[in-house]
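Q: give the three-dimensional model of this entry:
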Amino acid sequence: MKFNNSIISKFNSKRTIKYLALFLALFLNLNLNTSCEKGTEPDNVLPGRRDYVWTEDTLYNPPGNVFLTFRHIVGNTADDVWIGTNFSDSPTGLWHYDGFEWQVVQCPIISNTKTALFLFDDNTLLVGNEYNQIIKRENGVWTEKYELKLDEYEKIAIFDIYGLSKDNVFAFGVAVNFETSSNPYKQIGIIFHFDGISWNRVMMPEIAEACLTVKYNKASQKYYIYSLGNEIDNYRDILVEFDGSVAKKSEYTKFGVALSEINGVVYINSDRTVYKLSSDTLSLWKDFSGTEFQTNFVGRNENDFINRSSRGLGHYNGIDYQTIYETDLELQNYEMIGNDIFALGVDYRNQHFVVIHGKLKD
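A: This next block holds a predicted model:
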């Protein structure tokens with residue numbers, strides 16, 4: 001069962017590797033991570049509002065660089081928003097919105113192929129790429145650049161980053177060793193940990209070919225990683241459970257692996273059925289059968305979240321599920337920031353890359 005759009009990346013001429021993009025994005029389990037020390041759901045939450053004013057902004061890619069897809073969107077306020085793109089070899093890998101317009105931001109790393117963004121509450125930004133690098137931006141300045149290394153692997157691509165604090169950050173992705181006359185091709189899912197000084201690999205069993213998207217469940221203090229399984233699982237999507245030290249294949253894989261997180265609680269989609277993780281117990285939360293509900297969601301609370309619907313951007317307000325913005329664009333990621341909604345869409349036929357922006361009426 002497929003829960004998210006897929007992006008196909010070819011590392012060499014002999015092998016094609018599947019990557020999930022929205023979450024995200026669309027990968028589109030890609031959520032849009034901010035620092036995760038958040039509380040649990042409050043009682044008696046009012047139904048989420050739907051009175052948005054909508055606009056669309058087109059992002060223009062330079063001629064000859066037509067392949068642009070969206071990986072992550074992060075922001076603490078609606079006038080300071082970042083977008084990272086996925087597998088784009090153009091100089092448009094990182095975009096910023098200041099409340100008025102979107103602009104390309106130059107990032108001092110080898111390539112502008114941004115694959116992961118993470119934003120702390122103080123607006124410290126971490127950017128990971130698919131060329132062994134993570135860079136940090138603090139107080140408006142690019143500061144530290146980190147080179148990731150792993151013996152016997154030539155390439156490390158970072159697909160997601162999650163930080164509980166600045167000295168406790170995990171990066172998730174894939175390590176690749178290309179095939180040569182003397183060595184076979186090999187690919188494994190990897191986890192790196194940052195302790196405030198350096199990034200070091202966390203040992204994990206070779207249960208995944210790629211770690212793509214991660215969510216953190218505060219009650220159990222465990223990470224749940226949407227992953228591409230290896231040959232043992234016939235390269236199917238799997239869920240990996242990680243407690244910060246040990247990673248293992250999750251018993252919840254059978255429910256599907258579309259991941260969502262709201263206020264430190266993780267949810268797992270199986271088709272239009274959503275399960276909720278309370279501590280280590282998984283229970284049925286909502287059944288959206290008969291609606292246009294399709295994918296993972298992001299939101300302010302359980303009565304106010306958005307996701308991709310069959311006709312555009314969908315919204316659940318605690319009472320019912322509706323498509324609140326109809327579009328033919330392929331929605332790859334979305335986020336609710338303050339009173340605003342940002343949804344990232346692509347018109348592949350005309351090569352239009354669009355940010356749909358909804359703002360609640362005053």
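Q: CA atoms for contacts and neighbours, from now on please.
A: Fine.
Q: by mean pLDDT, flag the weakest helix or strand of the chain.
A: strand 22-23 (a mean of 30; mean pLDDT, DSSP states H and E).
Q: what count of nearby residues applies to Y153?
A: For Y153, the count of nearby residues is 16 (other CA atoms under 10 Å).
Q: correct me, but it touches A175?
A: Yes: using CA atoms under 8 Å, Y153 is in contact with A175, at 6.0 Å.
Q: can you map out the strands along the stretch 1-150 of the chain?
A: In the stretch 1-150 of the chain, the segments counted as strands under DSSP state E, counting those that start in this stretch are 6-12, 15-20, 22-23, 27-28, 52-59, 69-77, 80-86, 94-97, 102-104, 114-119, 125-129, 133-138, 141-147.
Q: those strands: which one's closest to Y162?
A: strand 114-119 (6.6 Å; CA to CA).
Q: in stretch 353-362, what counts as buried?
A: F353, V354, V355, I356, H357, G358, K359 (16 or more other CA atoms under 10 Å).
Q: quick one, what contacts the first one?
A: For F353, the contact set (CA atoms under 8 Å, 6 or more residues apart in numbering) comprises T58, L59, Y60, L68, L344, G345, V346, D347.
Q: adjacent strands (with direction) for the host helix or strand of it?
A: Secondary structure assignment for F353, by DSSP states H and E: strand 352-360. Applying DSSP bridges, strand 352-360 is found paired with strand 52-59 (antiparallel), strand 340-347 (antiparallel).
Q: deepest-packed of those, please.
A: Compared across these, strand 340-347 shows the largest average neighbour count, a mean of 22 (mean count of other CA atoms under 10 Å).
Q: quick one: contacts for the residue lying closest to W54 once chain neighbours are set aside?
A: Of all residues not flanking W54 in the chain, G358 sits nearest, at 4.4 Å (CA to CA, 6 or more residues apart in numbering). Counting by CA under 8 Å, 6+ apart, G358 touches Y52, V53, W54, T55, D340, I341, F342.
Q: same deal with Y275?
A: Y267, I268, N269, L282, S283, L284, W285, K286.
Q: for P205, see how far away it is.
A: 26 Å (CA to CA, to the nearest Å).
Q: re earlier: so which one of the contacts of F353 is the model least confident about?
A: Lowest-confidence member of the contacts of F353: L68, scoring 66 (pLDDT).
Q: excluding covalently adjacent residues, which one is nearest to K155?
A: V176 (5.1 Å).
Q: which residues does that neighbour bridge with?
A: Where V176 sits in a bridge, its partners, by DSSP bridges, are K155, Q187.
Q: what is the burial count for it?
A: 20.
Q: for it, give me its contacts.
A: V176 neighbours (CA under 8 Å, 6+ apart): Y153, E154, K155, I156, Y185, K186, Q187, I188.
Q: which non-adjacent residue is nearest the first one?
A: In this case it means Y153. N177 (4.5 Å).
Q: run a quick neighbour tally on the one you found.
A: 18.
Q: roughly how far apart are G256 and N200?
A: 30 Å.
Q: and these two? Which one has more around it.
A: Legend: neighbour count by other CA under 10 Å for G256 and N200, higher for G256 (21 against 16).
Q: picking that back up, can you list the buried residues of stretch 353-362 in a markdown table and add distance to K136?
A: Conversion of those to a markdown table gives the following (distance: CA to CA, whole Å):
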| residue | distance to K136 |
| --- | --- |
| F353 | 26 |
| V354 | 27 |
| V355 | 25 |
| I356 | 28 |
| H357 | 27 |
| G358 | 29 |
| K359 | 30 |
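Q: run through who's touching stretch 298-306.
A: By CA under 8 Å, 6+ apart, stretch 298-306 touches 31, 41, 45-49, 260-263, 297, 307, 313-319, 334-336.
Q: ChimeraX command for the buried members of the residues you listed?
A: Applying 16+ other CA under 10 Å to the contacts of stretch 298-306, the buried members can be selected in ChimeraX as follows:
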select :31,48,260,261,262,263,297,307,313,314,315,316,317,334,335,336
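Q: so what pLDDT did the residue lying closest to G196 once chain neighbours are set aside get?
A: Nearest non-adjacent residue to G196, counting by CA to CA, 6+ apart: D167, 3.9 Å away. Note on D167: pLDDT of 97.
Q: how about G93?
A: Taking G93 on its own, its pLDDT is 75.
Q: got the contact list for stretch 94-101?
A: Contacts for stretch 94-101 (CA under 8 Å, 6+ apart): 78-85, 102-107, 112, 114.
Q: pull out the buried residues from those residues.
A: Buried, going by 16+ other CA under 10 Å: A78, D79, V81, W82, I83, G84, T85, W102, V104, C107, N112, K114, out of these.
Q: quick one: residues contacting the closest residue to the fifth one other than its chain neighbours.
A: Closest residue to I83 apart from its sequence neighbours, by CA to CA, 6+ apart: I73 at 4.4 Å. When contacts are counted by CA under 8 Å, 6+ apart, I73 touches N31, L32, V81, W82, I83, G84, L117, N333, Y334, E335.
Q: lowest-confidence entry in those?
A: For these, the pLDDT minimum is L32, 33.
Q: thinking again about what came up before, pull the most distant pair out of the buried ones among the contacts of stretch 94-101.
A: Maximum pairwise distance in the buried ones among the contacts of stretch 94-101, criterion CA to CA, is 23.9 Å, between A78 and N112.
Q: hang on, the earlier thing: how far away is the residue nearest to I83 from I161?
A: The value you get for I73 to I161, if CA to CA is used, is 12 Å.
Q: what do these two both touch?
A: L117.
Q: touching, A175 and I156? I think so.
A: Yes: assessed by CA under 8 Å, A175 is found in contact with I156 at 4.4 Å.
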